[in-house]
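Peer 1: coords below, sequence missing:
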């Protein structure tokens with residue numbers, strides 16, 4: 001099936017859900033100063049960035065809550081540490097570039113989430129994907145912004161968004177079973193390499209366990225991300241910083257196995273242990289695409 005054009009997920013489906021969860025949280029924890037934490041997972045190109053922008057604006061302007069949007073992409077390893085990781089595991093194709101679990105700086109992530117949840121003054125990192133001809137690097141500290149300063153309103157809502165947000169590690173035997181079954185990319189990797197990524201993913205629970213609500217933007221065909229990523233890099237190439245088509249495929253190949261391994265767990269529910277109704281899932285399929293395009297065209 002040919003990939004449809006990349007477009008923005010419809011925010012009206014998500015905002016009422018989040019407000020319902022937020023108001024319940026406020027009622028149950030009236031005296032708490034801990035921010036309300038939202039996790040948002042979506043395949044690349046499905047419109048996460050615009051959705052998050054609309055959601056954050058609604059929370060700030062209509063609810064009066066200072067809202068911070070944090071992308072898990074801003075937690076990638078520094079370029080020098082990514083190169084070191086790649087050299088130490090030279091035969092593991094999954095960690096040669098940023099993307100898969102294991103290529104994020106989880107020491108930074110743990111310290112960052114702990115600081116934000118306690119309301120401390122916190123420096124928020126940024127990652128520049130255009131550096132090193134699209135391979136990326138963490139921006140200098142001068143590009144970071146500081147929240148929760150005494151002169152600022154405290155952060156009351158934290159949104160963590162990203163393509164692998166909410167992924168949870170699986171039992172080793174499940175990884176083995178998935179690799180043995182027909183798949184798009186898993187047979188291209190050694191079981192030990194898949195298990196390495198799975199083991200690293202356990203560290204990400206320090207983020208996932210803090211979610212009070214979760215939104216999952218799914219795709220009818222996850223292979224659409226190849227086309228959507230190519231569209232993003234094509235725009236960057238105009239500025240002379242994007243990856244070539246060949247590099248895009250190689251790059252997406254590097255993280256696509258995680259979709260095949262872990263997205264089923266997200267579909268089943270990231271916050272099931274906290275009770276029902278905390279997750280909203282929306283599937284981007286061809287009927288939704290056509291419906292939105294007809295609405296835009298006034299047909």
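Peer 2: Happy to help now that I have it. Bear in mind the structure is a predicted one, so any value in this text is a computation, not a measurement.

Peer 1: Isn't residue 183 up against residue 261?
Peer 2: No. Using C-beta atoms under 8 Å, residue 183 is not in contact with residue 261; the gap is 9.1 Å. Where you see a C-beta, it was placed from the backbone N, CA and C, and this is true even at glycine.

Peer 1: of these two, who's got more company?
Peer 2: Applying other C-beta atoms under 10 Å to residue 183 and residue 261 shows that residue 261 carries more neighbours, namely 25 against 14.

Peer 1: and the more buried one, what does it touch?
Peer 2: 170, 175, 178, 186, 194, 197-198 (C-beta atoms under 8 Å, 6 or more residues apart in numbering).

Peer 1: so where is this protein shaky, pLDDT-wise?
Peer 2: 1-12, 45-46, 285-299 (pLDDT under 70).

Peer 1: all helices for it, in order.
Peer 2: Remark: helices assigned in the chain by DSSP state H are 15-28, 48-61, 79-88, 106-117, 172-180, 191-201, 205-208, 224-238, 245-268, 286-297.

Peer 1: can you list those in CSV and add distance to residue 159?
Peer 2: Output for these, formatted as CSV (distance: least, C-beta to C-beta, whole Å):
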stretch, distance to residue 159
helix 15-28, 9
helix 48-61, 6
helix 79-88, 25
helix 106-117, 11
helix 172-180, 30
helix 191-201, 21
helix 205-208, 12
helix 224-238, 21
helix 245-268, 17
helix 286-297, 23
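
Peer 1: looking at those, which is closest to residue 160?
Peer 2: helix 205-208 (6.3 Å; C-beta to C-beta).

Peer 1: For that closest one, list every residue counted as buried.
Peer 2: Judged by neighbour count (16 or more other C-beta atoms under 10 Å), helix 205-208 contains these buried residues: 207-208.

Peer 1: Repeat that for stretch 118-136.
Peer 2: For stretch 118-136, by 16+ other C-beta under 10 Å, it's 122, 124-125, 127, 129, 134-136.

Peer 1: Likewise for stretch 175-184?
Peer 2: Quick answer for stretch 175-184 (16+ other C-beta under 10 Å): 175, 178-179.

Peer 1: For it, what is the spacing between the initial and final residues?
Peer 2: End-to-end span of stretch 175-184 (C-alpha to C-alpha, to the nearest Å): 15 Å.

Peer 1: Likewise for stretch 236-251?
Peer 2: So stretch 236-251: terminal residues 15 Å apart, C-alpha to C-alpha.

Peer 1: Bridged to the residue nearest the centre of the chain, which residues?
Peer 2: Here the mean C-alpha position of the chain is nearest to the C-alpha of residue 162 (C-alpha atoms, centre = their mean), at a distance of 1.1 Å. Counting by DSSP bridges, residue 162 forms beta bridges with residue 41.

Peer 1: so what's it up against?
Peer 2: The contact partners of residue 162, by C-beta under 8 Å, 6+ apart, come to 40-41, 48, 71-73.

Peer 1: Ok, residue 151 next?
Peer 2: When the contact criterion is C-beta under 8 Å, 6+ apart, residue 151 has no partners at all.

Peer 1: Report how many residues lie close to residue 53.
Peer 2: Neighbours of residue 53 under the rule other C-beta under 10 Å: 14.

Peer 1: likewise residue 73?
Peer 2: Around residue 73 there are 17 residues (other C-beta under 10 Å).

Peer 1: Quick check: chain neighbours aside, which residue is closest to it?
Peer 2: The spatial neighbour of residue 73 that comes closest, neighbours along the chain excluded (C-beta to C-beta, 6 or more residues apart in numbering), is residue 127 at 5.4 Å.

Peer 1: so the one you found makes contact with residue 78?
Peer 2: No. Using C-beta under 8 Å, residue 127 is not in contact with residue 78, being 9.3 Å away.

Peer 1: Mind listing the shared neighbours of the two?
Peer 2: Common neighbours of residue 127 and residue 78 (C-beta under 8 Å, 6+ apart) are 137-138.

Peer 1: Let me know the distance separating residue 264 from residue 218.
Peer 2: Distance, residue 264 to residue 218, by C-beta to C-beta, to the nearest Å: 11 Å.

Peer 1: Comparing the two, which residue is more hemmed in?
Peer 2: Using other C-beta under 10 Å, the more surrounded residue of residue 264 and residue 218 is residue 218, with 17 against 12.
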